[in-house]
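Visitor: what follows is a predicted protein model with its sequence.
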Amino acid sequence: MPIKVAAGIALVFFLWALFRTAMGLRWSKIQRDRARRDEEARGRRVVAEIPLPEGLVLLVEDATAFHWGTRSVEKADIVGGRLLLNGGIVGEFAAAGTALPPPAPAEEYEGRERWDVRVYRRDGVAVEIPCGTLREGVSREIAGCAFEAVRAALPVATPTR
């Protein structure tokens, strides 16, 4: 009899933990959907959900800029961009008559894919949009969406790769 009681108690604790996990995941989805709706109500388009160490951040676009977390870059300031995998260039574009700075040497492989989009502004400053290190192509897809949105914001972009 004590074994059955212990097994029953263990089952109850397991089911409770499973229930809490499921409700936590559901609550997270509700929060993400609410954040998306709030951004769309402000007239912004959600480009991607970026998984960062501090949590999920929305990359949104409005008529004048791109915003993610507390950072932003004005569309009028964009002169080029690069899609980066572990610091190496996968794709790039530049405004007509603009040359991007020479690339830095590729970084040593860390054992994971790190995707970023580097946006070059008119004042010479490069702004990084970190797109994550998730496996199974998730971060690659996020980076691709961000890169294409930034490229589309530049009226006449010349793809160089």
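Guide: Received it, and whenever you're ready, just let me know what you need.
Visitor: which stretches of the protein form helices?
Guide: Ranges of helices within the chain are 2-41, 138-153, based on DSSP state H.
Visitor: from Pro2, how far out is Phe147?
Guide: Taking CB to CB, to the nearest Å as the measure, Phe147 falls 62 Å from Pro2. Backbone N, C-alpha and C define where each C-beta goes, glycine included.
Visitor: neighbour count winner among the two?
Guide: It is Phe147, of Phe147 and Pro2, that has more neighbours when counted by other CB atoms under 10 Å, with 26 against 6.
Visitor: quick check: the more buried one touching Ile89?
Guide: No. Taking CB atoms under 8 Å as the definition, Phe147 is not a contact partner of Ile89, at 11.2 Å.
Visitor: so what sits against both of these two?
Guide: Leu83 (CB atoms under 8 Å, 6 or more residues apart in numbering).
Visitor: show me the beta-bridge partners of the residue nearest the centre of the chain.
Guide: The residue lying closest to the centre of the chain (CA atoms, centre = their mean) is Ile50, at 2.6 Å. With DSSP bridges as the criterion, Ile50 is bridged to Val57.
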